[in-house]
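Colleague: Return a 3D structure for these sequence lines:
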Amino acid sequence: AFVAAVRARQAESMAALMLEWIALAACRTGEARFATWSEIDLDRNVWEIPAGRMKMRRPHVVPITERMAEILGEAKRRHPAHENGEDPARSDYVFPSGKGRPLTEMACLMLMRRMEAFADFTPHGLRSTFKDWATEQTDFPRELIEEQLAHQLGAVERAYKRGSAHERRRPMMEAWAAVCAG
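Modeller: Coordinates of the predicted model:
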């Protein structure tokens, strides 16, 4: 019901597009707000967030689901460069305000406040919802769930872990997208 309500507002709201992206990626608001087109690789269907923008200061790779690719297509279609038949610049924000700057920290929260049934929820709570679903309703391994949330592993695990396991996480995120879609 939440995602359906968000989608109903997407025709007029870039914040609604970003809010669904946050839900589907199980990412933090700031990671989505400051996402640039240079981080998006549609050939590999990944979003590569640089270490400097991550809470744990390590790069994070997020698999882009089919629905996330649709959201990117809509965001690109709304970009001012599209009016001239061009793609956004690599340095442009994926979810910009009307002035080309990132949406505010409060954009998604205020959108949720205006959605009466979800007024007491927060965008960050979507991460918890993802974790609850993944741990309680699926058999996906804990380490994949934690990696999707970009949580820090224990010191020993961290010493041996080199990759992002994003391809192993892709089926989990497609399953999550299906749950979100109802």
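Colleague: Show the contacting residues for residue 9.
Modeller: 16, 111, 115 (Cβ atoms under 8 Å, 6 or more residues apart in numbering). Quick note: C-beta positions are derived from backbone N, CA and C, even for glycine.
Colleague: name the helices or strands packed onto the helix or strand containing residue 5?
Modeller: According to DSSP states H and E, residue 5 maps onto helix 2-8. Helix 2-8 sits against helix 14-25, with contacts defined as 3 or more Cβ pairs under 8 Å, 6 or more residues apart in numbering; DSSP states H and E.
Colleague: What's the first helix or strand after the helix or strand hosting residue 136?
Modeller: Assigned by DSSP H and E, residue 136 belongs to helix 125-137. Following helix 125-137 in sequence order, the next helix or strand is helix 142-148 (DSSP H and E).
Colleague: For that next one, buried residues please.
Modeller: Buried residues in helix 142-148, counted by 16 or more other Cβ atoms under 10 Å: 144, 145, 146, 147, 148.
Colleague: Now do it: which elements does it pack against?
Modeller: Against helix 142-148 (3+ Cβ pairs under 8 Å, 6+ apart) you get helix 125-137, helix 166-180.
Colleague: pLDDT (mean, whole number) over the first one?
Modeller: Rounded to a whole number, the mean pLDDT of helix 125-137 is 97.
Colleague: What is the distance between it and the centre of its chain?
Modeller: 14 Å (Cα atoms, centre = their mean, to the nearest Å).
Colleague: For it, which outside residues touch it?
Modeller: Residues outside helix 125-137 that contact it (Cβ under 8 Å, 6+ apart) are 22-23, 26-28, 140, 142, 145, 148-149, 172, 176, 179.
Colleague: for this protein, what are the low-confidence residue spans?
Modeller: 152-164 (pLDDT under 70).
Colleague: can we see that at 90?
Modeller: For the chain, applying pLDDT under 90 flags the ranges 53-59, 80-84, 98-100, 105, 150-166.
Colleague: Can you get me a residue count around residue 73?
Modeller: By other Cβ atoms under 10 Å, the residues close to residue 73 number 11.
Colleague: From residue 89, how far out is it?
Modeller: 17 Å (Cβ to Cβ, to the nearest Å).
Colleague: Same check on residue 36?
Modeller: Where residue 89 is concerned, residue 36 sits at a distance of 9 Å (Cβ to Cβ).
Colleague: higher neighbour count, these two?
Modeller: residue 36 (18 against 13).
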